[in-house]
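>>> Mind looking at a prediction? Sequence and model below.
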Amino acid sequence: MNWERIEGNWKQVKGKVQEQWGKLTDDDFDIVAGRREQLAGKIEERYGCAKEEAEEQIAQWEKKAGDDWFKD
C-alpha cells in the first residue's frame, strides 16, 4: 500500500491504526495526522521501542492495508 494513500485517507484508516497500536491517544492521532514519521515517533514514545522497531512495525502494518480499508 502506498503511504500517500494512507495519509490522504487518514480519518478512514485511523481505526485500523488504533487497532494495531491501542496505546496511542486521540491527541496522538491529531498530532500524527497521517504523517509516517510522526506515527513512528508516537509508537516509540508510547511503547518504549527504538525508531527502527517502530518503522518495522509500520512497514508490516502497511503491508496489510487493503482497498477495503478505504471504502465509505
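Great, that's in hand.

>>> element containing Glu62, please.
Using DSSP states H and E, Glu62 falls within helix 51-64.

>>> Buried residues, that helix. List them.
By neighbour count on 16 or more other C-beta atoms under 10 Å, the buried set for helix 51-64 is 54-55, 57-58, 61. C-betas here are computed from N, CA, C, even on glycine.

>>> Residue ranges in this structure under the pLDDT threshold?
1, 71-72 (pLDDT under 70).

>>> So which residues of this protein form helices?
Using DSSP state H, the helices of the chain run over 3-8, 10-20, 26-32, 36-47, 51-64.

>>> just checking, which of the ones you listed sits deepest inside the structure?
helix 36-47 (a mean of 17; mean count of other C-beta atoms under 10 Å).

>>> Summarise which helices and strands that helix is packed against.
Under the contact definition 3 or more C-beta pairs under 8 Å, 6 or more residues apart in numbering; DSSP states H and E, helix 36-47 sits against helix 26-32, helix 51-64.

>>> Dump these into a markdown table; add distance to Ile43 as well.
Conversion of these to a markdown table gives the following (distance: least, C-beta to C-beta, whole Å):
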| stretch | distance to Ile43 |
| --- | --- |
| helix 26-32 | 9 |
| helix 51-64 | 4 |
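
>>> separation between Gly48 and Val17?
Distance of Gly48 to Val17, given as C-beta to C-beta, to the nearest Å: 18 Å.

>>> for Gln60, what are its contacts?
For Gln60, the contact set (C-beta atoms under 8 Å, 6 or more residues apart in numbering) is empty.
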